[in-house]
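K.L.:
need a structure here:
(chains A and B)
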Amino acid sequence: MIDPKLLRQSAADVAVNLARRGYKFDTVAYLLLEDRRKSLQMETESLQSERNSSAKSIGTAKAKGEDITSLLAAVENLRDRLTSSEAALQEVQSLLKDIELDLPNLLDDSVPDGKDEKDNAEVRRWREPSELRFKARDHIELGENLGLIDFEAASKISGSRFTVMKGPLARMQRALIQLMLDTHTEEHGYQETYVPYLVQAEALVGTGQLPKFEEDLFKTETETPFYLIPTAEVPVTNLARDAIFEADELPKRYVAHTPCFRSEAGSYGQDTRGMIRQHQFEKVELVHFVAAEDSMAALETLTGHAEAILQKLELPYRVVALCAGDVGFGSAKTYDIEVWLPGQKKYREISSCSNYNDFQARRMMARRRNPESGKPELIHTLNGSGVAAGRALIAVMENYQNADGSIRVPAALQRYMGGLEVISA
RNA sequence: GGAGAGAUGGCUGAGUGGUCGAAAGCGCUCCCCUGCUAAGGGAGUAAGGGCUAAUACCCCUUCGAGGGUUCGAAUCCCUCUCUCUCCGCCA
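P.N.:
Residues are numbered from 1 along each chain as shown, chains lettered A, B, ... in the order given. Alright, predicted model coming up:
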């Protein structure tokens, strides 16, 4: 959420910023509503004040044994006026809130202009794309030939966009997760967390998935619905909800491995084959809570932590700065890390690292105590995949394949796989 | 699933219709005292929102959440949620 104060004081500036995303902010409608809010709120609060003082004087008069009938008459219709004023105010406030929850975050000035992913700016590359001396197979062919990936079985059980994996391939995904968790906790200073996979709507409003992107989520039909988490970002970031951290508690870094569930509504026809885009996938997620002035530096650090995983796995990748039109709803700035997939001869997203600045913090009242003023102020939140395990598995399969269809186990993973060096049929 | 108890400020914990944003204690901050430390004395110490140039005044809201009664609710009534204890069941 954007600061409502900024919205009403500088609506035009906000509109200019959001227009870079292709978002049209109707400042006229907003300011009109805001005017009504202001007058209704002032009216309501003065009626409340009147109620409070009259109740107080009735109380004292009664205590002295004075006659209070005239005082009672004076406030006869006060309650009705107050009730209707309060109702009108509440209605306007909820309309404003709807608009505010719908507005994407302000973009950081450093975000490059552009409309879609084609305009993203490459920031750096690590290792050039690998050249194979034979025709590269994609992970689907590799996995099925080894008899270790079974899409048919998955579709029998659950339909499309699910995967069944077996044996050393299933284990390799687990090994990847272990490597990531160990690296982030032992080398990058993260605290490992275990969190719920089912969350309530409020948590998703806090991180920004709701109310706008409900169709991307799976939801239970229980009396109070649960949502399956689309990313560990949701439960982990909500650890800061309603909190006031002391200055010396920040920065906080959390890492969590969770499955992620996405309905992928609206992505029909994209990546329909294979494991790239699934309804269920495994991911290791990094989350930072930092003081406002530290968040841009933290984004660089966080991205570096995700890159370290790919470097350990010796997978060629590049980092791109998402352009204005491609940056996600709640993010002020995002780097995607794209890993090279020989089977597709393309770089594909394997991590997305974002600085949300105070956007999520404002939605969930996540604060720190400013050591100078002693006053609470919003923190900044960041998150990034460190990295997507399913896609990391794909990247290892395709980059470590041999001519005979077997797959070498990256050195960094061997200790997690009982010393296994090659996966073969 | 059954039975009971509870939810108040950073913490402990008083408060059954008015002057209660809320006693007391602890903690924390500042000051005094003390050669240092300890002990002691004094003052202060919730969050959100509105107004505003203002993190100054002033005003509003908040005692688990929502509704109701009342001139007036932490206190009375209703609904819900959560926590704890015991029993059952279970990974």
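
K.L.:
give me the number of residues near A:V195?
P.N.:
Neighbour count of A:V195, defined by other Cβ atoms under 10 Å: 17. Where you see a C-beta, it was placed from the backbone N, CA and C, and this is true even at glycine.

K.L.:
repeat for A:L210
P.N.:
Neighbours of A:L210 (other Cβ under 10 Å): 19.

K.L.:
ditto for A:S155
P.N.:
By other Cβ under 10 Å, neighbour count at A:S155 equals 14.

K.L.:
One more: A:G325?
P.N.:
As a burial measure, A:G325 scores 19 neighbours (other Cβ under 10 Å).

K.L.:
Next one: it from RNA strand B, what distance?
P.N.:
Distance of A:G325 to RNA strand B, computed by Cβ to the nearest atom of the strand, to the nearest Å: 30 Å.

K.L.:
my guess is that residue meets A:G22, correct?
P.N.:
Yes. If you go by Cβ atoms under 8 Å, A:G325 and A:G22 touch, sitting 5.4 Å apart.

K.L.:
Overlap in contacts, those two.
P.N.:
Here A:G325 and A:G22 share the contacting residues A:K115, scored by Cβ atoms under 8 Å, 6 or more residues apart in numbering.

K.L.:
Helices along the stretch 201-350 of chain A, start to end?
P.N.:
Remark: helices assigned in the stretch 201-350 of chain A by DSSP state H, counting those that start in this stretch are A:201-207, A:233-237, A:295-312.

K.L.:
Tell me which residues of stretch A:295-303 come out buried.
P.N.:
Going by neighbour count (16 or more other Cβ atoms under 10 Å), the buried part of stretch A:295-303 is A:S295, A:M296, A:A298, A:L299, A:T301, A:L302, A:T303.

K.L.:
Would you mind writing the CA trace of stretch A:134-144 as PDB?
P.N.:
In PDB, the C-alpha atoms belonging to stretch A:134-144 read as follows (Å, rounded to 0.1, in the frame of the first residue of the first chain):
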ATOM      1  CA  PHE A 134      25.800 -33.400 -28.800                       C
ATOM      2  CA  LYS A 135      22.200 -32.400 -29.200                       C
ATOM      3  CA  ALA A 136      20.900 -31.300 -25.800                       C
ATOM      4  CA  ARG A 137      17.800 -33.100 -24.500                       C
ATOM      5  CA  ASP A 138      15.300 -31.200 -22.400                       C
ATOM      6  CA  HIS A 139      14.500 -32.300 -18.800                       C
ATOM      7  CA  ILE A 140      11.300 -34.000 -19.900                       C
ATOM      8  CA  GLU A 141      13.100 -36.400 -22.300                       C
ATOM      9  CA  LEU A 142      16.000 -36.900 -19.900                       C
ATOM     10  CA  GLY A 143      13.700 -37.700 -17.000                       C
ATOM     11  CA  GLU A 144      11.400 -39.900 -18.900                       C
END
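
K.L.:
Can you add distance to RNA strand B and give the helices of the stretch 201-350 of chain A back as a markdown table?
P.N.:
A markdown table is the format used below for the helices of the stretch 201-350 of chain A (distance: least, Cβ to the nearest atom of the strand, whole Å):
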| stretch | distance to RNA strand B |
| --- | --- |
| helix A:201-207 | 11 |
| helix A:233-237 | 15 |
| helix A:295-312 | 19 |
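
K.L.:
winner for burial among these?
P.N.:
Counting by mean count of other Cβ atoms under 10 Å, helix A:233-237 has the highest mean neighbour count of the helices of the stretch 201-350 of chain A, with a mean of 26.

K.L.:
Can you say which helix or strand has the closest residue to RNA strand B within the stretch 1-150 of chain A in it?
P.N.:
Closest residue of the stretch 1-150 of chain A to RNA strand B, Cβ to the nearest atom of the strand: A:G59 (2.9 Å). Assigned by DSSP states H and E, A:G59 falls within helix A:27-63.

K.L.:
Beyond that helix, next helix or strand please.
P.N.:
Sequence-wise, the next helix or strand downstream of helix A:27-63 (DSSP H and E) is helix A:69-74.
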